[in-house]
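> pasting the structure only:
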DNA sequence: ATCGTGGCATGCAACGTTGCAAACTAGGTC
DNA sequence: GACCTAGTTTGCAACGTTGCATGCCACGAT
């Protein structure tokens, strides 16, 4: 193992000066910097993470806690978060909760608290009250909406506006009978609720009343549920001419159901999804979707954590990441 | 932050004694241990990971490097590895390479070397020669076969034997014309090659010759490829009465293709997969499969790393984890 | 010649922990 | 009573880094 001390001896300077070079301290003479850098390269010096962490009082680790890592949306988001955090000098631990409240709780309280400097948390089961009552000093930032907005930083996108845009796009394409697929009345899922709100708002702006039988409920956001819910919509005989699905996975399931029923997308039924997952770019037809700016979500979350770690103790913030409507073959 | 020093003052003992309690050192009087433990609980002491790592010369982190984390096999394996490693005091960083050689290389050389104590690596693109020429001191253990067995520890299962068992099970069920789905002649994939070998061996033992047109090639192990390859097998009209698929994902794709063709599983065509992924337990019909003992794979990998970190410098070992045939509805 | 200033380099101490070895205690043996 | 042993407790130093404060130098202004 090569230490600062070894580099210092090799370059003929003090340990402190090598440290200054490594940390890009501004007052280092160019000639000195070059000489030290040469020694660093020659010896293959790599900073000792443990010592640095101890001295700085940080571990350099962040936790990203998501319900499931094998869903395309979260794995995409996780990959981006890892990459962006890396550029920033952080290493990200990914934890999966399976939506289990006990596991969510354990990951937030204690357990990991000594290990990570901050937590990016996409809650599933935990209530706002419980999140609010957290005692831990480790800063945390939530991803996604939460009813009642607990006094914790969170990063969201404008789900109401995005849903409205999606439906207005369908209306603009001449669709007159648009269903929503993905409402979750049972679960208190705030994200689904906001997308439902946006859907109704678009209809209302267009002078249409919303109909309960045009809002298909689901119990999860998976493909199979999309298939099931769409099949039921089609089974009534009174079929819509467009469907706004609350996730791309649901939309891909729905797509299959439409095709199974012998109908065509988009000719007979137009589809719009939400999330912009990879699969939607390769489906037949390709999937129109709302694309949240996932890089921006990750950046904002990291920014909040950085600020909090720097001592910012202003009231909890709500940061909104942009999104855009990506029009493809299904609409 | 509560330190050993604070606990020591609270309990009226030396710092060292508190450390002994925390580390379960054997020579601590029961009464002392109880008193110290009470202070630990009262103050809510948690060891400082950075300081411990610095002193011990370890980070307590392992990297698990896999081609893709959102494939069911790897996400299952990763989840188990994380859990088992945790019981052992390790924290696991999961890294995805997307099978990209450059990314594999970067993760193995330097980059992370200061950060993790060991690497569990499931290679995809990197050649045996390149793996062998690795200079890094960080111990590494490979998952899966590799042609030419590089001088690096690896954990495998008996793919030849497992494939043979799978095919013999089909033969025992009275199937006479068994295809293999998943050969990968183009990619130098050793795992696929061994399963192909096992398939042929079973046929040979039964006195059958293998036929090139009964070995369906694929370009990936994904569901879509299984669907495509199976559809082509069926399109010839000369269809087999059973198919051994090299992965459950392939098998599930194949299952759908069989159903799409109006045939029944297992009546018309029996299917056997490989990997024992979750989905295979809920498909209709449920999927017969070879179940590698994933917990054991993780345990063996961790065991090797532990040994290497303890200074074991014996020649590279090949450790074989057990597997079993799980008979379900599809055969 | 003296002073002030800005650029640059450095020494010291400390972050919280554990390895090492020594010190102490009590109980038994010679 | 001296000696030994096993059990129990402890002090010291060190892991490699960075914050702080200070020292040194050259140069231009006084």
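The structure has been received and is ready for your questions. Please read these numbers as outputs of a predicted model, since none were measured by experiment. Numbers count the residues shown, from 1 in each chain, chains lettered A, B, ... in the order given.
> Tell me how chain A divides into domains.
Structural domains annotated on chain A: A:4-47, A:59-157+A:294-322, A:159-292, as defined by automatic domain parsing.
> quick one: is the second one near chain B?
Yes. Domain A:59-157+A:294-322 lies in contact with chain B when judged by CB under 8 Å from any CB of the partner chain; the contacting residues are A:59, A:69-72, A:75, A:79, A:91, A:93-94, A:96, A:110, A:113-115. The C-beta positions use only the backbone N, C-alpha and C, and glycine is treated the same way.
> mind listing the helices for the stretch 151-300 of chain A?
A:159-172, A:190-205, A:223-235, A:248-260, A:294-309 (DSSP state H, counting those that start in this stretch).
> Could you dump those into JSON lines and include mean pLDDT and mean neighbour count?
Shown next, in JSON lines, are the helices of the stretch 151-300 of chain A (pLDDT from 0 to 100; neighbours: other CB atoms under 10 Å in any protein chain shown):
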{"stretch": "helix A:159-172", "mean pLDDT": "97", "mean neighbour count": "21"}
{"stretch": "helix A:190-205", "mean pLDDT": "95", "mean neighbour count": "20"}
{"stretch": "helix A:223-235", "mean pLDDT": "93", "mean neighbour count": "20"}
{"stretch": "helix A:248-260", "mean pLDDT": "93", "mean neighbour count": "24"}
{"stretch": "helix A:294-309", "mean pLDDT": "93", "mean neighbour count": "20"}
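> Between these, which one is closest to DNA strand C.
Closest of the helices of the stretch 151-300 of chain A to DNA strand C is helix A:294-309, at 16.0 Å (criterion: CB to the nearest atom of the strand).
> Packing partners of the helix or strand just after that closest one?
Following helix A:294-309 in sequence order, the next helix or strand is strand A:318-321 (DSSP states H and E). Helices and strands touching strand A:318-321, by 3 or more CB pairs under 8 Å, 6 or more residues apart in numbering or on different chains; DSSP states H and E, are strand A:153-157, helix A:294-309.
> For residue A:89, which residues are in contact?
Listed by CB atoms under 8 Å, 6 or more residues apart in numbering or on different chains, the contact set of residue A:89 reads residue A:60.
> same check, this time on residue A:176
Residue A:176 sits next to residue A:241 when contact means CB under 8 Å, 6+ apart.
> swap the cut-off to 6 Å and go again
Applying CB atoms under 6 Å, 6 or more residues apart in numbering or on different chains to residue A:176 gives no contacts.
> again with residue A:305
Residue A:305 touches A:118, A:139, A:141, counting by CB under 6 Å, 6+ apart.
> which of the domains of chain A is buried the deepest?
domain A:159-292 (a mean of 20; mean count of other CB atoms under 10 Å in any protein chain shown).
> Tell me how far residue A:17 lies from chain B.
Separation of residue A:17 from chain B (CB to the nearest CB, to the nearest Å): 21 Å.
> For the residue of the stretch 101-250 of chain A found nearest DNA strand D, which non-adjacent residue is closest in space?
Closest approach between the stretch 101-250 of chain A and DNA strand D, counting by CB to the nearest atom of the strand: residue A:117, at 14.4 Å. Excluding the flanking residues, the one nearest residue A:117 by CB to CB, 6 or more residues apart in numbering or on different chains is residue A:58, at 5.1 Å.
> Cheers, nothing more for now.
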